[in-house]
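Q: let me see the structure of the following:
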Amino acid sequence: MEFVNSSSPRYECLLFDLDDTLYPLSSGLSDACTNNIIEYMVEKLGIDEDGVVELNQILYKKYGTSMAGLKEVGYEFDNDEYHSYVHGRLPYENLKPDPVLRSLLLTLPCRKLVFSNGDEVHVMKALKRLGIEDCFERIISFETLNPEINEAEVSCITGHLPENPVICKPTEIAFEKAFNIAQLNPHKTLFFDDSIRNIQTGKAVGLHTVLVGKSEKVDGSDYALESIHNMKEAFPELWLESKINNKETERIDYAAQVSIETSVQA
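A: Numbers count the residues shown, from 1 in each chain. Sure thing, here's the model as predicted:
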């Protein structure tokens, strides 16, 4: 018979997407990002303006991100230049400090990580604008999933380039790589994301999933939150476990202190 430790918390880690999850879609950054991608495709890659919007949609849907799609179909460009053009001109001033979210994150006792397809510069800019950059154990970003490699060297050794030039959500390999990097157990992790595709992959690889920005669950989501600010109402046990653990620690400390005092008096 297998016994379960009732004192063990259900969730050991909270994994958060960034864009349109830790801040709302209404910020306008998502629309601005899409416009910047389309401009980059036309201005930098010479793609015909007439079909660029449709092409961008196709690439995004098929490959997870427009960048991954462009690389996959054969376009060559510098990753940093792309990110600078697409993210560097975003209206970050639309993001304001969020003391409510900061308080929620700081009072959570478990591990907290950001898992984003965005580059690290973008992620840190957004987190700093929100005032929550120090609320997370680590950031898993584009650079984390796609460390710089010498493509000529890889090709020479293996005879071909990697099948997936860009690793990103919603591919399972991106999630598995994140699990390995962060050393987290997906079955003890609560994953927050606004993307249905990301949520569905997350569910498939064992995560407990929370669809953010929607009031109703979809296939693959265990929960749905209209706003990340609703975390405490949706998951009060996360804070309750903290209080229980604190009380248990206080009892242990008290018992230890009594034991020491008794020993000294004797």
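Q: Glu102 contacts Glu133, doesn't it?
A: To be clear, residue 102 is Arg; Glu isn't right here. No - here Arg102 does not reach Glu133: they are 9.8 Å apart, not a contact under Cβ atoms under 8 Å. C-betas here are computed from N, CA, C, even on glycine.
Q: end-to-end on stretch 83-94?
A: 19 Å (Cα to Cα, to the nearest Å).
Q: strands along this structure, start to end?
A: 13-16, 111-115, 138-140, 189-193, 208-212, 223-225 (DSSP state E).
Q: dump those to TSV, plus mean pLDDT, mean neighbour count and distance to Pro147.
A: Listed next are those as TSV, based on pLDDT from 0 to 100; neighbours: other Cβ atoms under 10 Å; distance: least, Cβ to Cβ, whole Å:
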stretch	mean pLDDT	mean neighbour count	distance to Pro147
strand 13-16	98	23	20
strand 111-115	98	21	16
strand 138-140	98	19	12
strand 189-193	98	25	23
strand 208-212	98	25	27
strand 223-225	98	19	33
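Q: dump those to CSV, plus distance to Lys128.
A: Formatted as CSV, the strands of the chain follow (distance: least, Cβ to Cβ, whole Å):
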stretch, distance to Lys128
strand 13-16, 15
strand 111-115, 12
strand 138-140, 12
strand 189-193, 20
strand 208-212, 21
strand 223-225, 24
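Q: between those strands, which one is closest to Ile181.
A: strand 138-140 (6.3 Å; Cβ to Cβ).
Q: give the contact list for Ser227.
A: Residues near Ser227 by Cβ atoms under 8 Å, 6 or more residues apart in numbering: Pro24, Val212, Gly213.
Q: go again with 6 Å.
A: Not one residue lies near Ser227 by Cβ atoms under 6 Å, 6 or more residues apart in numbering.
Q: and the residue nearest the centre of the chain, what are its bridge partners?
A: Most central in the chain under Cα atoms, centre = their mean is Phe115, positioned 2.2 Å from the mean C-alpha point. The partner list for Phe115 in beta bridges (DSSP bridges) reads Ile140.
Q: hang on, isn't Thr201 packed against Cys168?
A: No - with contact defined as Cβ atoms under 6 Å, Thr201 does not count as touching Cys168 (10.9 Å).
Q: how close does Gly220 sit to Leu59?
A: 22 Å (Cβ to Cβ, to the nearest Å).
Q: quick one, phi psi at the closest residue in space to Leu45 that isn't next to it in sequence?
A: If the residues on either side of it in the chain are set aside, Leu45 comes closest to Tyr75, at 5.5 Å by Cβ to Cβ, 6 or more residues apart in numbering. Backbone torsions for Tyr75, taken as degrees, to the nearest 10, come to phi -80, psi 140.
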